[in-house]
Each structure stands twice: as C-alpha cells, then as structure tokens.
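Q: turn this into a structure:
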Amino acid sequence: MKLSFSRLVQAAALASSALGAILPTRGTEELVDRASGDKYVFAHFMVGIVASYTQDDWTADMQLAQSIGIDGFALNIGKDSYNDQQLGYAYAAASATGFKVFISFDFSYWTTGDTSTIAQYINTYGAMDGQFIYNNEVFVSTFVGDGFNWGDVASQSKPLFACPNWQPGSFGGDNGVSCGFSWGAWPNQNNQPIDQNMTTTLDQEYITNLGSNPYMMPVSPWFFTHYGPSSYNKNWIFYSDWLWNTRWDQVLQLAPQFVEIVTWNDFGESHYIGPLHPDNPSVYAGGDTGAVQWVTGMTHDAWRDVAAPYIKAYKAGASSPTTEELVYYYRPSPKDAACSDSVAQPTGYEFDDDLVFVTALTTSPATVVITSGSNAAVSIDVPAGINTVSAPMGLGQQVFALQRNGSPVMQGTSSQQISSTCTVNNFNAYVGKVTA
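A: Next up, the predicted model:
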C-alpha cells in the first residue's frame, strides 16, 4: 500500500529568516509491505514517580493513550516499595479497559544478581489479563542492562519475549533476547547535545545488528532537564525543534515491528505526552526545586493529536489526516533571556533557535499564518498532510491561523505569552492547538 506523508528535513538558516520556514518536502514514500505482521505502539511510563496514583488515575491515562491508538504502556520499575501496589493498579486498569502493559526493568537499579526476582515478577504479572503477549510469550523490556542473560530468567519463568534497551553492539550470542529497543530518540553524540536534526543512522545500526529479530524504535517529542548540582545535577537540552514531526516520518520510512514513545510521563526530562497533574505535583519529581519549575502549566497534550494520524498510518496505512488542526509549540522565553535562576542555562541551549513552530494537519493545501508578538505576520504555504513550519519568535501574544484561498479556516491565540522576564531558564515547550 502506498502512503503519502511529507518527508521533512530542516531548512537552512532558520533563525535568521524573516519570512518563516517550512521543512521542505522530499517527495512521497512507499511503505514496506505490512503483511509481515501487526504493528504495535507503546509509551514508556515511569512507575517510580506515581506512588500516589489510584487505579482511577491509571484508567484515565490508559483511556487517553487508547484514544490516539497507543496499544500499551511499558512500565518502568526500579525497586520501589510500592511497585506491587502500582503494578496491581496498572494491570487491573489495563484489563478493565482492554489496554496492555508490560514491565520494563530499569537497570539503573536491577543487576545480574536479581535474576530470580525478575523471574518472579514475570511469573506474577505475566499471568494477568492486562499483560502484552507476543508470539504466545510474555513481553518484557528494560532501560539499559546490556549483557544481562534473559535465558537465565526464562529458565525460571513463563516463556518470555525479551526486548531490552541495549546498545546495538550488545546483541548477539546466547542471551535469551528476542528483540531490541533503542533509547536513542534525540540527536546526540556520546549523550552530548549536538546541533543536528535526528537521523535514522542509529536505527539502521540496530536493525542491522538485530538481523531477523524485531526492532522497537523510539519516538520522542522533546528533551530538556534542569536539575542543579544540589539535586540530580542534570542540566541539558537535546535539539528538538523539529523532532516530533520528523521522527514520526522516520517511523513510516523504517516501519519497525514496534514503536515506543519516550515518554508518557517523564516530566523531569520534558518528553511527556501525557497530561499534567496540577492537583498532584508530586509526580513531577524533585520537589520544589525540581521539575515542577519547568513543567507547571507547560502542557504537551496537543502533541498527541499529531501522533494519532501517524499511528494510524503506521499500523493500517491511512493516507492522510481526516481533520484539520494547528498544533503550535515554543519555549516561553528567548534562549538568551536573563532569567533570575541559580541554575545556569542548559548545556546545548545555544543550538536552539528562537522560533515559534506550528505543525499543520491539513486535508488540502493551505496557508499557515503566525503572528508572534509585535512581529509582522508570517504566511507559509503548506501542502496537504502533516507539515511543521516556523516563524521568528517575538515577545508577547502568539496568534495562529489557517487560511485557504485567502479565506480564514481557523484562528486562535495561545494562553502562553513569550517573555524575556523569567525566574527559570525554562527550555521546555509549551504546546497548544487551534481547531475550527
């Protein structure tokens, strides 16, 4: 089946453009034959930050995920005392909603000495209705843990389908692994920020090294973390300006067996697509000096609207968006704003462009109009499909419109203004939308 979506790359010299920019199309792509099996989309879920969750909270998140075509959550667990309580809620909610879950063991905490305990988790939760089963085996994953012998676990557990997050060169040998997952969802070199868009070079390395085994491809919208030396001492941003749209195009290009969105709720690293929790800020991690500073009010909900047609396309070959919408996103301050923050600007901040972005979902060619602060309105023509455009950032109110043949289709004003007066070097994205 053929599928037409815009394949996008970054235009040069965007920051200096006075006319706005669109990631230019590279033509349509023909997807691989989908007869090789069903495709699945998961979202990485941090269990360690939701000690206060009830089963109703799990149900609400799962229903939101289901509404855009996500099949299940990868439940990242360490060794928290509340693991069993929260896993119990998660599996019960999954069973009640028809959703699926599987455990992702975080090897920042687990070790080779935990083989028997890991097998017990698989035996306990792998038998529950909410468990994702693949090839009649209990699906399990990890965060890191290269070289861990999953065959030793399988000798003590139910039959399992292990899809760990290892480096591409770690696969091979008799280690009980059936699949591979990459955490490389952002442009970087040796985990350091670089001034570059995301490519599929690392994905291709995984696919090559995995041979006939399936690949679980990571997709993420953003990365920014800002913990100071007195806290987790993590303060950097990976270049993410065009990431969400571009990465989903790469999914359609490579058509892996599995996709994992990184993440549903890791607020500390700003790559969440799940809802905010203004009534329960404890889930943001880090206390009063933690993620609450750069997450409060910074919704990412509309990014789910961009994911929905891509997920449909990836799974079933849908040809284009069926409804029209503008999804806009931008940082709340220019990158060189003199914020009264004791924690410095994040490593890699200089690579960011002072731009305002719009991802346009359109059923036919149209014109996106961006009015950023006191800047003159910028008009950018877009073809049908999903296309991301930008305009230079201006202080103040942000207004977005879609026109067709000179006539208005929709228009809206963001509730988040851009200001150079700030108390936090906040490089998180504010995401909103305009609908007709």
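Q: C-alpha only now, for contacts and for neighbours.
A: OK.
Q: D279 - how many residues pack around it?
A: Other residues within reach of D279, judged by other Cα atoms under 10 Å, total 7.
Q: which ones are touching it?
A: Taking Cα atoms under 8 Å, 6 or more residues apart in numbering as the definition of contact, D279 has no neighbours.
Q: surely it is within a helix?
A: No: counting by DSSP: H, G, I helix; E, B strand; the rest coil, D279 is not part of a helix but coil.
Q: and it, what pLDDT?
A: Taken from the predicted model, the pLDDT recorded for D279 is 92.
Q: so it versus G297, what's the distance?
A: Distance of D279 to G297, computed by Cα to Cα, to the nearest Å: 12 Å.
Q: residues in contact with Y314?
A: Taking Cα under 8 Å, 6+ apart as the test, what Y314 contacts is K39, V251, L252, A255.
Q: sorry, that was for E325
A: By Cα under 8 Å, 6+ apart, the residues touching E325 are A360, L361, T362, K433, V434, T435, A436.
Q: just the closest of these to A307, please.
A: When the contacts of E325 are compared for distance to A307, the smallest value, 10.9 Å, is given by L361; criterion: Cα to Cα.
Q: you'd agree that closest one is up against Y310?
A: No: the pair L361 and Y310 fails to qualify as a contact (Cα atoms under 8 Å) at a distance of 10.9 Å.
Q: secondary structure class for W294?
A: Going by three-state DSSP, the state assigned to W294 is helix.
Q: using the three-state scheme, assign the residue nearest to it when sequence neighbours are not counted.
A: Leaving out its chain neighbours, the residue that sits closest to W294 by Cα to Cα, 6 or more residues apart in numbering is N426, at 5.6 Å. State at N426, reduced to three classes by three-state DSSP: coil.
Q: likewise D336?
A: Per three-state DSSP, the local secondary structure of D336 is coil.
Q: so how far is V219 from it?
A: Going from D336 to V219 by Cα to Cα gives 29 Å.
Q: same thing with I103?
A: Counting by Cα to Cα, the separation of I103 from V219 is 19 Å.
Q: equivalent analysis for V177, please.
A: From V177 over to V219 (counting by Cα to Cα), the distance is 22 Å.
Q: quick one, which of those two is more surrounded?
A: V219 (28 against 22).
Q: what's near enough to touch the residue nearest to the more buried one when sequence neighbours are not counted?
A: In space, and not counting its chain neighbours, V219 is closest to I261: 4.8 Å by Cα to Cα, 6+ apart. Taking Cα under 8 Å, 6+ apart as the criterion, I261 is in contact with V41, F42, A43, H44, P218, V219, S220.
Q: list the contacts for the second one?
A: Contacts for F42 (Cα under 8 Å, 6+ apart) come out as I70, D71, G72, F73, A74, F258, V259, E260, I261.
Q: repeat the analysis, applying 10 Å as the threshold.
A: Applying Cα atoms under 10 Å, 6 or more residues apart in numbering, we find F42 in contact with 65, 69-74, 100-102, 216, 218, 258-264.
Q: torsion angles phi and psi at it?
A: For F42, the backbone dihedrals (degrees, to the nearest 10) come out as phi -120, psi 170.
Q: so where do the strands sit in the stretch 151-300 of the chain?
A: 160-163, 180-181, 188-189, 192-193, 215-219, 224-227, 234-237, 258-261 (DSSP state E, counting those that start in this stretch).
Q: nearest spatial neighbour of the residue nearest the centre of the chain, skipping sequence neighbours?
A: The geometric centre of the chain, computed from its C-alpha atoms, lies nearest to S220 (Cα atoms, centre = their mean), at 2.7 Å. Nearest non-adjacent residue to S220, counting by Cα to Cα, 6+ apart: V262, 5.0 Å away.
Q: in this structure F400 contacts G373, no?
A: No: no contact is recorded between F400 and G373 when judged using Cα atoms under 10 Å, the distance being 11.2 Å.
Q: which one of those two has more residues nearby?
A: Each of F400 and G373 has its neighbours counted (other Cα under 10 Å); F400 has more, 23 against 18.
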